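Enquirer: Okay, predicted coordinates and the sequence, questions at the end:
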Amino acid sequence: NDGVSCLAFASDGKVLAIGGSDTVELVDSVNGQAIRTIRDPGMLEPYRTEKKMCQVNAMTFSPDGKTLAVASDLGVKLWDVAESREVATLFGHGKPGMVPHECEAHSVVFSPDGKTMATSRNRAIELWHLDEQLVREVTHNCGGLAFSPGGKILATAEYHNRVHLWDVASGRQLAEDHPQMGILHGAAFSPDGKVLAALSEGSVALWDVRATSAAHELVQRPVRLRHGSWVPIHSFAFSPEGKTLATGGGDLAKLWEVATGRELATVDRSARCVAFSPDGRTLAVGGAVSPPGPVSEVRLWEVAAALKPEVLAARARKAAMDLVEGLQTSSANSQRGRDEKSLGNALFALGPHSEAAVPLLIESLNDPRVDVRRQICIALGQIGSQNEHVMSALIEAIEDESSEVRRAAGGLLRQIARDDVETRRRV
């Protein structure tokens, strides 16, 4: 009912696990055919009065692909993939002495050697052996966990705006940072362990992990990856080679260059969660429920094809058409058009090849409705001063018959012209 909440590929890339409300579906990633369904019988019980469905919050395959760990509102359970059979319950519904608010699991990860697991739940981060033996517990409200590639360090992204590095063997804290991002609910190491990413509701931050024989240090990078103002990001993933980061949320799936934080592409426009295949060639994108529902989709994208310039340009043109149509519809319904913040979010869907949308946006400046023309001016201003056609269109809009349009165009030109002498002279 809530759409796809999480995705996970098996280590061989042949099986994709899809988590949502009350079930996990295992599908063949080559042909999309269903293999089997994993459903915890407890997921169907009304164990909490405020919830009718159990949500799957996180999943991970063991390194050998034989076991699937599922973190849900009922706790953390391990399942035999071949037989869809429960093999262990680390904690949660059905365990003696457990009460509902102690069951809800936020995250689960396997160590690289597959011998240890880390879980997070209400006020607890725990390390386990696969025989259900609790190895260590730390009292923290944690939303995201990640083992370093070598398995010696555990990173935690915590609800009270802290990122920690822990020594797995001793439980000793190695490093800490306060990123000023609000509630954190996701963490991941790059494949080489040199970069740590953490997720808040609206952005992804990156740290360089610097280690010496004496100490570890987290150095936060100045750039943050965003889908727009107040647009949520629910999921992110490093590509296997570590050069690209995928983000999903707010109905967008995007690819970013890790080294620079530069946006590479908008891959999908109906996205909630993302996962790379082990070979990095495919990006799985899970969507929210689509009307008339309750139906949600998982789409598999060829990463190389999605990054081709002609594909990006075509996608930007389509996004511009949708944007203009939305503006015209809202105006036709006698509603005030989108404010600048909402329009800026819509423009994020245009992606890095937004200039391909400029001709259509300029053409829409001829729309008879004032509000549409004003918003198109804002859209052109968002694209910026690097496009000569944008500047000419905004300068022409200064003489529009509507004072609203004139003010919008003039304000944007003044903003663009602050650091551009030639633009200032023309204005």
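Expert: Received it, and whenever you're ready, just let me know what you need.
Enquirer: quick one: residue 285 from residue 21, how far?
Expert: Residue 285 sits at a distance of 18 Å from residue 21 (criterion: CB to CB, to the nearest Å). All C-beta atoms are positioned from the backbone trio N, CA, C, and that covers glycine.
Enquirer: Those two: who's more crowded?
Expert: A side-by-side neighbour count of residue 285 and residue 21, using other CB atoms under 10 Å, places residue 285 first with 25 against 21.
Enquirer: how about the more buried one, what does it touch?
Expert: Residue 285 sits next to 248, 253, 267, 268, 270, 271, 273, 274, 298, 299, 300, 301 when contact means CB atoms under 8 Å, 6 or more residues apart in numbering.
Enquirer: Surely it is within a strand?
Expert: Yes: going by DSSP: H, G, I helix; E, B strand; the rest coil, the assignment for residue 285 places it inside a strand.
Enquirer: Extract the residue ranges of the stretch 151-300 of the chain that are flagged as low pLDDT.
Expert: Counting by pLDDT under 70, the low-confidence segments of the stretch 151-300 of the chain come to 229-230, 288-295.
Enquirer: Do a quick rundown of the strands in it.
Expert: 153-158, 162-167, 173-177, 184-189, 195-200, 204-211, 216-225, 235-238, 244-249, 252-257, 263-268, 273-276, 282-286, 298-302 (DSSP state E, counting those that start in this stretch).
Enquirer: tilt between the first one and strand 162-167?
Expert: Pointing back at strand 153-158 there. Here strand 153-158 runs at an angle of 160 degrees relative to strand 162-167 (axes from the mean of the first three to the mean of the last three CA atoms, to 10 degrees).
Enquirer: again with the fifth one
Expert: Following the same axes, to 10 degrees, one obtains 140 degrees for the angle between strand 195-200 and strand 162-167.
Enquirer: same question, the longest one
Expert: Comparing the axes of strand 216-225 and strand 162-167 via the same axes, to 10 degrees yields an angle of 140 degrees.
Enquirer: So what are the sheet partners of strand 216-225 and their directions?
Expert: Sheet pairing for strand 216-225, assigned by DSSP bridges, gives strand 204-211 (antiparallel).
Enquirer: got the angle between the strand it pairs with and strand 252-257?
Expert: What separates the directions of strand 204-211 and strand 252-257 is an angle of 30 degrees, with the same axes, to 10 degrees.
Enquirer: Give me the buried stretch members for strand 204-211, please.
Expert: Neighbour-count burial for strand 204-211, with 16 or more other CB atoms under 10 Å as criterion, is recorded at 204, 205, 206, 207, 209.
Enquirer: What is the burial count for residue 170?
Expert: Using other CB under 10 Å, residue 170 has 9 other residues around it.
Enquirer: Check the one 5 residues further on too.
Expert: Counted with other CB under 10 Å, the neighbours of residue 175 add up to 20.
Enquirer: Not counting its own residues, what contacts the helix or strand harbouring residue 71?
Expert: Residue 71 belongs to strand 67-72 when assigned by DSSP states H and E. Under the criterion CB under 8 Å, 6+ apart, residues 8, 17, 19, 24, 26, 38, 40, 43, 54-62, 76-81, 87, 92, 104-108, 110, 117, 119, 130 lie in contact with strand 67-72.
Enquirer: between the buried residues of strand 204-211, which is closest to residue 311?
Expert: Distances from the buried residues of strand 204-211 to residue 311 were compared by CB to CB; the smallest belongs to residue 204, at 23.7 Å.
Enquirer: Could you measure from the residue lying closest to that closest one once chain neighbours are set aside over to residue 212?
Expert: Counting by CB to CB, 6 or more residues apart in numbering, residue 204 lies nearest to residue 225, which is 4.3 Å off, once chain neighbours are set aside. When distance is defined by CB to CB, residue 225 is 28 Å away from residue 212.
Enquirer: Then residue 147?
Expert: Summarising the geometry, the distance separating residue 147 from residue 212, computed by CB to CB, is 20 Å.
Enquirer: One more: residue 157?
Expert: Here the distance between residue 157 and residue 212 works out to 23 Å (CB to CB).
Enquirer: go on, residue 301?
Expert: With distances defined as CB to CB, the gap from residue 301 to residue 212 amounts to 40 Å.
Enquirer: what do you get for residue 108?
Expert: Using CB to CB, we find residue 108 at a distance of 31 Å from residue 212.
Enquirer: With residue 270 instead?
Expert: For residue 270 relative to residue 212 (CB to CB), the value is 45 Å.
Enquirer: And residue 149, by the same measure?
Expert: Distance of residue 149 to residue 212, computed by CB to CB: 18 Å.
Enquirer: could you list every residue that touches the spatially closest residue to residue 208 that is not a sequence neighbour?
Expert: Excluding the flanking residues, the one nearest residue 208 by CB to CB, 6+ apart is residue 219, at 4.5 Å. The contact partners of residue 219, taken as CB under 8 Å, 6+ apart, are 207, 208, 210.
Enquirer: what sits against the first one?
Expert: Shown here is residue 207, whose contacts under the criterion CB under 8 Å, 6+ apart are 163, 177, 195, 196, 197, 198, 218, 219, 220, 221.
Enquirer: who does it bridge with?
Expert: Residues found in beta-bridge contact with residue 207 (criterion: DSSP bridges) are residue 196, residue 220.
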